[in-house]
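S.K.: sequence below, structure please.
(2 chains)
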Amino acid sequence: MANEFDLDTALKIYAKGELFDPYPLYETLRVKKEPYWSENLGMWLVHGFTDVEEGLSDPRLQNDRILGYERSLTPENRIKFKALNEHLSHWLGFEDPPVHTNSRGYLKEYISGKLAIRMKPVIQKQIQEILTKADSHSEIDLITDFAYPLPLKIICDLLGIESGREEEFKELADAIGVYPGNVGPILNEVAPAAAEALVKMEAFFDDMVVKRLAAPRDDLVTRLAQLSTEGLLSHQEMVSLLTFVFLAGFGTTLNLIANGMMLLFTHPEEKEKLIAHPELIGSGVEEFLRYESPIQIVARLVREDFEWHGKQLKAGDYVGLVAGAANRDETIFPDANRFDIAREPNRHIAFGRAAHFCLGAPLARVEAQIAISEFFKKFPKAEMISLVPDWLPIISFRHLGTLKVKLNNEN
Amino acid sequence: MKIEIDLLSCKDFGECVTSAPNLFRLDENGKQSLRHESRETTFEFDVAEEFETAAEEATIVCPMQALTILS
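M.R.: Predicted coordinates:
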């Protein structure tokens, strides 16, 4: 148990995004059973499973939290990055009902459980290509050679981005994602690159929308473009939803696959269990989601003053619902720090809950299940070379920079 | 196939109705109609083979993770 001094130090490192094992800190704060005000981040942190779950459904905590970003920027940057904040404010993850309900409804027509089931053969085909390419090497980086090519291909396919341009989009998505993924003063540092990348991505989608309107297809881009010409979505809303789908569908799935692989390599007995019992991939993916949740913090903004578990929350306060902590809550998950691919029940909160429950959850699950089972079918003897997980300094995301493995194939 | 719904977790979002209209519906008050089938906090029922894919889809889209495929 950390003493107060340790807690303070841990929180300072945490605020910089550099606390690479946040779980002892989460636990120290969780047992306090009340929202914890982090002066460094300028936000309340909530760690208990029940509280996080409650918070995700509480209408007094709103999703529109651009104010929180603006507040973290210097006055000069607030003006400079106005367009960036305006763009993000139309992402599904920043909207509240009734606008959110409509936007989500439009996306749901194309991104749903049916899509995931329909995409299974496409995912299978893509993963075989990725593995065949990997097989010509003896060592690969699981991030660049395995975990990101699949979700990148799939999301480009969904949005109709022509093949050959995937890499370009990945670079842009990486630069943009760091901005919404952070909180606090660090936003000033990451905003310039994010804004520049966003302008490029917007221009690309603008161009694509014009093409789709001229030659409509049965796809999401055409549908959103039509909604915009019908006046049901503003131009900005339409473009924001497209960049949102790209960002939401790519980085998080990459992290699910990469974190799952890292967990299996660092828990060899669980890896062997999965190889011996491939049917465990379903519960296995749920355990990856719980144990190293790609999205660690779900942020909200307090709509009106209210008392929550003994703390007075004020309108405009920033609240971080720490899903990554909730998923390690001992009172819900027995032996919560034990990684168990057969864990049942496992009602983790990695995809959120309620009205904002991840629309892409079914697709992400299917991608991770297929990718990881096929990898170990092809390379059952693969070993991890990296000794320490290379976590990137982003507070809200659990994102590995590299994950080197030796395939122990014929090469 | 057997499926179980946890009626405490279920918050009547109706996503299951979109995915599997033959298995789920919301009643006139917008509540999960299976609430009328059980006095317990959970309710399990058999799914005909033709609706198994739909049931699987409902399970993966449920925003409260209230559905479980039992067998």
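S.K.: CA atoms for contacts and neighbours, from now on please.
M.R.: Fine.
S.K.: is stretch A:287-303 up against chain B anywhere?
M.R.: No. If you take Cα under 8 Å from any Cα of the partner chain as the test, stretch A:287-303 misses chain B, and the best it gets is 13.5 Å.
S.K.: can you tell me if stretch A:309-326 touches chain B.
M.R.: No. Stretch A:309-326 lies out of reach of chain B by Cα under 8 Å from any Cα, never closer than 14.5 Å.
S.K.: ends of that stretch, what's the gap?
M.R.: Stretch A:309-326 has an end-to-end distance of 16 Å (Cα to Cα, to the nearest Å).
S.K.: name the residues of that stretch that are buried.
M.R.: For stretch A:309-326, the neighbour count (16 or more other Cα atoms under 10 Å in any protein chain shown) marks A:313, A:316-326 as buried.
S.K.: and A:His277, how many neighbours?
M.R.: Neighbours of A:His277 under the rule other Cα atoms under 10 Å in any protein chain shown: 10.
S.K.: A:Leu359 too?
M.R.: For A:Leu359, the count of nearby residues is 22 (other Cα under 10 Å).
S.K.: now the buried residues of stretch A:309-326 as TSV including pLDDT?
M.R.: Converted to TSV, those look like this (pLDDT from 0 to 100):
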residue	pLDDT
A:Leu313	97
A:Gly316	94
A:Asp317	94
A:Tyr318	92
A:Val319	96
A:Gly320	96
A:Leu321	97
A:Val322	98
A:Ala323	98
A:Gly324	98
A:Ala325	98
A:Ala326	98
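S.K.: and those, which of them are in strands?
M.R.: Using DSSP state E, the subset of the buried residues of stretch A:309-326 located in strands is A:313, A:318-322.
S.K.: nearest to chain B among those?
M.R.: Relative to chain B, the closest of these is A:Leu321; by Cα to the nearest Cα it sits at 16.6 Å.
S.K.: quick one: contacts for that closest one?
M.R.: A:Leu321 makes contact with A:45-47, A:52, A:55-56, A:297-300, according to Cα atoms under 8 Å, 6 or more residues apart in numbering or on different chains.
S.K.: can you rerun that using 7 Å?
M.R.: By Cα atoms under 7 Å, 6 or more residues apart in numbering or on different chains, the contact set of A:Leu321 is A:45-47, A:52, A:297-299.
S.K.: kindly list the longest helix within the chain.
M.R.: Defaulting to chain A. Ranked by residue count under DSSP state H, the longest helix found in chain A is helix A:235-266.
S.K.: chain B is the one I meant
M.R.: Ordering each helix of chain B by length in residues (DSSP H) puts helix B:52-61 first.
S.K.: and chain A, is it touching that?
M.R.: Yes. Using Cα under 7 Å from any Cα of the partner chain, helix B:52-61 reaches chain A at B:57, B:60-61.
S.K.: any idea how far A:Phe81 is from A:Gly68?
M.R.: Using Cα to Cα, A:Phe81 is found at 14 Å from A:Gly68.
S.K.: now do A:Val209
M.R.: In this view, A:Val209 and A:Gly68 are 31 Å apart by Cα to Cα.
S.K.: start and end of stretch A:65-85, how far apart?
M.R.: 10 Å.
S.K.: can you list contacts of it?
M.R.: A:89, A:94, A:184-185, A:187-188, A:195, A:300-301, A:318.
S.K.: buried residues in that stretch, which are they?
M.R.: A:65-66, A:68-70, A:72-73, A:77-78, A:81, A:84-85.
S.K.: in JSON lines, list these along with pLDDT and secondary structure.
M.R.: Listed next are the buried residues of stretch A:65-85 as JSON lines, based on pLDDT from 0 to 100; DSSP: H, G, I helix; E, B strand; the rest coil:
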{"residue": "A:Arg65", "pLDDT": "93", "secondary structure": "coil"}
{"residue": "A:Ile66", "pLDDT": "93", "secondary structure": "helix"}
{"residue": "A:Gly68", "pLDDT": "87", "secondary structure": "helix"}
{"residue": "A:Tyr69", "pLDDT": "92", "secondary structure": "helix"}
{"residue": "A:Glu70", "pLDDT": "93", "secondary structure": "helix"}
{"residue": "A:Ser72", "pLDDT": "89", "secondary structure": "helix"}
{"residue": "A:Leu73", "pLDDT": "96", "secondary structure": "coil"}
{"residue": "A:Asn77", "pLDDT": "97", "secondary structure": "helix"}
{"residue": "A:Arg78", "pLDDT": "97", "secondary structure": "helix"}
{"residue": "A:Phe81", "pLDDT": "97", "secondary structure": "coil"}
{"residue": "A:Leu84", "pLDDT": "97", "secondary structure": "helix"}
{"residue": "A:Asn85", "pLDDT": "97", "secondary structure": "helix"}
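S.K.: quick check: residues of chain B near chain A?
M.R.: Within reach of chain A by Cα under 7 Å from any Cα, chain B has these residues: B:57, B:60-61, B:63-65.
S.K.: what residues of the longest helix of chain A count as buried?
M.R.: Within helix A:235-266, the residues that count as buried by 16+ other Cα under 10 Å are A:236-266.
S.K.: between the contacts of A:Leu321, which sits nearest A:Phe20?
M.R.: A:Ile297 (14.4 Å; Cα to Cα).
S.K.: ok, the closest one touching A:Ile394?
M.R.: No. Contact criterion Cα atoms under 7 Å: A:Ile297 and A:Ile394 do not qualify, at 10.6 Å.
S.K.: the two: who's more crowded?
M.R.: Legend: neighbour count by other Cα under 10 Å for A:Ile297 and A:Ile394, higher for A:Ile297 (27 against 23).
S.K.: please tell me how far the one residue in the stretch 51-200 of chain A that gets nearest to chain B sits from A:Ile395.
M.R.: Across the stretch 51-200 of chain A, no residue is closer to chain B than A:Gly113, which sits at 5.2 Å (Cα to the nearest Cα). Going from A:Gly113 to A:Ile395 by Cα to Cα gives 30 Å.
S.K.: which of those two has more neighbours?
M.R.: Higher neighbour count among A:Gly113 and A:Ile395: A:Gly113, with 27 against 23, using other Cα under 10 Å.
S.K.: contacting residues for the more buried one?
M.R.: Contact analysis of A:Gly113 by Cα under 7 Å, 6+ apart lists A:362, B:57, B:60-61.
S.K.: again, only this time at 6 Å
M.R.: A:362, B:57, B:61 (Cα atoms under 6 Å, 6 or more residues apart in numbering or on different chains).
S.K.: compile those into TSV and extend it with columns for neighbour count and pLDDT.
M.R.: TSV is the format used below for the contacts of A:Gly113 (neighbours: other Cα atoms under 10 Å in any protein chain shown; pLDDT from 0 to 100):
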residue	neighbour count	pLDDT
A:Pro362	22	90
B:Glu57	23	87
B:Val61	25	86
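S.K.: quick one: which of these is nearest to A:His100?
M.R.: In terms of Cα to Cα, no member of the contacts of A:Gly113 lies closer to A:His100 than B:Val61, at 17.6 Å.
S.K.: for residue 45, which residues make a bridge with it?
M.R.: The chain I'm using is chain A. Beta-bridge pairing of A:Leu45 under DSSP bridges involves A:Tyr36, A:Gly320.
S.K.: not quite, go with chain B.
M.R.: B:Ile3.
S.K.: confidence score at it?
M.R.: With respect to pLDDT, B:Phe45 scores 96.
S.K.: distance check, it against chain A.
M.R.: The gap separating B:Phe45 from chain A is 19 Å, by Cα to the nearest Cα, to the nearest Å.
S.K.: thanks again, I'm all set now.
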